Structure formats: C-alpha cells, structure tokens
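S.K.: please find the sequence and the predicted model below.
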Amino acid sequence: MSNTLLKGGIVYDAAQNIKKQRLDVAVQDTKITELAVDIDPLNFDEVIDVTSKIVSPGLIDLHCHVYHGFNSTGVHPDVAGVGSGVTTVVDGGSAGHSNFGGFPTYVVPDSKTRVLCMVHISSNGLSVMPELRSLDDIDVQETTRVVRENRPLTQGVKIRAIGPTTETEGINIVKLAKQASIDSGTRLMVHIGELYHDGKTLTHELLPLLDIGDIVTHIFTPNRGGIIDSNNKVIPEFIDAQKRGVTLDTAFGRYNFSFDVARTALDQGVVPNTISTDLTLPGRETSVYSMPEMLTRFLALGFSIGDVLKMTTSNSAKALDMADTIGTLKPGNEADISVLEIVDGDWHVSDVKGVFLRTNKAIRPYITLKSGDIITPDLGPHPWGFLPNQSL
Ligand SMILES: [Zn+2]
C-alpha cells in the first residue's frame, strides 16, 4: 500500500459544497486523508500531476447490467466501472432470486469496481426475455429472502413494467414487486418504456405506488408508457412523484432515451436526479457507449459540469442511502476518485432515435482511483476511445 497525492486538479464535490476549486487530494492506503490548497508532495510515494483535470468523487452508475458470464448481454463490472471512470456500479436486476448466487460467488470477487445489485422480481432476472410471462415467474417471499440475505450487496427490487404481463395481470405485477421491496426493507426500481407490446401501459397507475427513495428509471424514454402525454405535457402522476421525492433516473440503454422528450420534460420543470447508462454489451458497442459519454450528452442538453457530476456522485449516493460512504471526497472515506478530462472540440452525441446534439465540450476519463489503487481507463467504446463522434 502507498500514499498518493493528486496535485493541482480542479475539484468538484457537491456533498461538501466544493465547486471548481483548485485543491490537492491526499490518499493514504485505501482512504482519502486530506483536501487542501497546496499539500507538500515530499512525503508521498506517488505524486500525480492533474493540473487542469477534473477531480471528482468516484462516479456511480445507478443502472447498468454487469452479470458478466451469466447473462449474454452483461458487461464486466470493470468495463462499466473503473475502466470507464466509474467506481460503483448498480446492476439493474440482471438476476432474480433463483440465479442471484453468481453475483456474490463469482462477479463481485472478480471486480475491482464496487458492485451493488437490484434483484429482479422475475425469478430468473433478465436471463430470458421477456422475463415476466405470468405470475408463475414471481415469488415475493423468495425475492425478499434473497435481498435480505445479501445485504448490503443488494439494494432493492427491480421490475420492468412492460408487456406481456402488463396486459394480462395489470398493476398487480408492480404491487408484488413493491411488496418485496417493503418486506426486504429496501427500495423499488421501476423501468418505464414499453418495448414489446401494443396493449396497456402501467405508468399512470404505478407512479402513485412509488414512495420517497423508490426509483423510476428511463424517465426520458420516447416509447409508450413514458412521462409525456399526447398533448406534450408531463403527466401529473410524474409531477407528484417528483414532489414526493421519488428518485428520477435517466438511464439510456438501447431504446429509452430521447433528447426531444428530455427537452419537453425539462422545459416543464422536471429535474432528473441521476444520470445512468443501463449499459449492456450491445449498448456499449452501438448506443449508450459509456458513462463519460452520458455526461457529455447532459452537457449538450445545457447542464453544467457541476450538475452532471452531482447527478453521478452525491445524488446517486443519496438514492442508495449511502451518502455518508460514497459519492464524496470527505477525508476518512474510501479513496474512490474519478479524474476526468474536458476536451474542447466540435462533438456530437446521439440518442436512441438517432437525433444528434452538438457540444463543444466532451468528458473522458483520465485516471480512476478505487480504494486507493490507481487504474488507467480501458480503450473505450469507440475505435478512437472515449470521446464522442466529431461533427462533420
Ligand atoms: Zn436496465
């Protein structure tokens, strides 16, 4: 173990009200020990010059799919995680109660990245899709048991409120998932955005079931069951959910993020809490690409660097009730740190509809510290790395 000094970076830490301050960050073994204006480099084994780089608490991806080796679309946690500037990943229900054991037995020990999980209400998670074909695929008691027995690795219960059971069973499927989240003392994460079915959607009925701390994901989906009605108005149940303190997550995935929906919602006062990827293997190759590119998308939508970092650090930590331990650079905490670079250029970023936005700033990972270990980023999702496409 060693001592590392990050020297000369521009620090953002919303949890400590630090915004764009030039500070050095000292790390001893696995912990952050000091943030100060000019720390003497003499006593450090390693001094890393991060002048003009952004130094942020380790990014948190609140929704991605990392059941690597178990689900065919699962990325390795370190691909979604430390290889991409992210130190904590939350699996969005890749496993259900019957096949969850692979996480603690194989996936977590094989990962440098901190892995947390939502357990899917469908018994087999997302190993077969659609994952809910009838109520036979749901066992509230077993789901509750697996969530309870695997705390704190498990953080909640997941359901995709999409067909075919939306049509055959209706809101009952969400009620059962909510029950498992209550019985396990955790939270519910609900996917909105219909992918399979022409029939009924549940969004109007399910939003009132969500309490403070529950998470609605894919809020900017352009698909049926989204938050915008046919008159281009945000549905009132969604506004009420925002007022109650339901966490509003923007996961992208392959099908569920539209700049037009985002703009319509933002113009009407929707304030998303968190930015996440919903990363999968195909999503990394063809649509969402990476968490840094998600951040660049939000810069293109007009958010500030401070905003996008807050939405992937302190806000995401709060969403997990972990604000004391992750998502901040407070001395004494685990040294989970993302050093990022802002690269000027004429970039363009895309949504799932093929709509492009231009932006003159893109974010790419520079180095990542996980529990004090220094990790350089992987090669990135594009042939040229992490930066988005350039405008023609
Ligand atoms: Zn997902």
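M.R.: It's in. Remember, it's a predicted structure, so these values are computed and weren't measured experimentally. Numbering: from 1, shown residues only.
S.K.: could I get stretch 25-40 in PDB with only the CA atoms?
M.R.: Output of stretch 25-40 as PDB, limited to C-alpha atoms (Å, rounded to 0.1, in the frame of the first residue of the first chain):
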ATOM      1  CA  VAL A  25      -6.200  15.500  -2.700                       C
ATOM      2  CA  ALA A  26      -4.100  13.200  -0.500                       C
ATOM      3  CA  VAL A  27      -4.700   9.400  -0.300                       C
ATOM      4  CA  GLN A  28      -3.200   7.100   2.200                       C
ATOM      5  CA  ASP A  29      -3.600   3.400   1.500                       C
ATOM      6  CA  THR A  30      -7.300   3.000   0.800                       C
ATOM      7  CA  LYS A  31      -8.600   6.200   2.300                       C
ATOM      8  CA  ILE A  32      -8.800   9.900   1.400                       C
ATOM      9  CA  THR A  33      -6.800  11.800   4.100                       C
ATOM     10  CA  GLU A  34      -6.800  15.500   3.100                       C
ATOM     11  CA  LEU A  35      -8.100  18.100   0.700                       C
ATOM     12  CA  ALA A  36      -6.100  21.300   0.800                       C
ATOM     13  CA  VAL A  37      -4.800  24.100  -1.400                       C
ATOM     14  CA  ASP A  38      -1.200  23.100  -1.500                       C
ATOM     15  CA  ILE A  39      -0.100  19.900   0.100                       C
ATOM     16  CA  ASP A  40       3.600  19.300   0.300                       C
END
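S.K.: and that stretch, what's buried?
M.R.: Residues 25, 26, 27, 28, 32, 35, 39 are the ones in stretch 25-40 that count as buried (16 or more other C-beta atoms under 10 Å). The C-beta positions use only the backbone N, C-alpha and C, and glycine is treated the same way.
S.K.: how close does the fourth one sit to residue 2?
M.R.: Relative to residue 2, residue 28 is positioned 8 Å away (criterion: C-beta to C-beta, to the nearest Å).
S.K.: what do those two both touch?
M.R.: Common neighbours of residue 28 and residue 2, counting by C-beta atoms under 8 Å, 6 or more residues apart in numbering, are residue 372.
S.K.: now whichever residue of the stretch 1-150 of the chain sits closest to the ion, what's its secondary structure?
M.R.: The ion sits closest to residue 92 of the stretch 1-150 of the chain, with a gap of 3.8 Å, by C-beta to the ion. Using DSSP: H, G, I helix; E, B strand; the rest coil, the structure places residue 92 in strand.
S.K.: what about the closest residue to it other than its chain neighbours, neighbour count?
M.R.: Counting by C-beta to C-beta, 6 or more residues apart in numbering, residue 92 lies nearest to residue 63, which is 4.2 Å off, once chain neighbours are set aside. For residue 63, the neighbour count with other C-beta atoms under 10 Å is 28.
S.K.: on that earlier part again, could I get the buried residues of stretch 25-40 in JSON lines, plus columns for pLDDT?
M.R.: Listed next are the buried residues of stretch 25-40 as JSON lines, based on pLDDT from 0 to 100:
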{"residue": "25", "pLDDT": "98"}
{"residue": "26", "pLDDT": "98"}
{"residue": "27", "pLDDT": "98"}
{"residue": "28", "pLDDT": "97"}
{"residue": "32", "pLDDT": "98"}
{"residue": "35", "pLDDT": "98"}
{"residue": "39", "pLDDT": "97"}
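S.K.: any weak-confidence spans in the chain?
M.R.: 1, 392 (pLDDT under 70).
S.K.: up against the ion, what does it have?
M.R.: Within the chain, the positions near the ion by C-beta under 5 Å from the ion are 92, 278.
S.K.: the chain - how does it break down into domains?
M.R.: 3-56+329-343+359-390, 58-319 (automatic domain parsing).
S.K.: between those, which one is closest to residue 353.
M.R.: domain 58-319 (5.5 Å; C-beta to C-beta).
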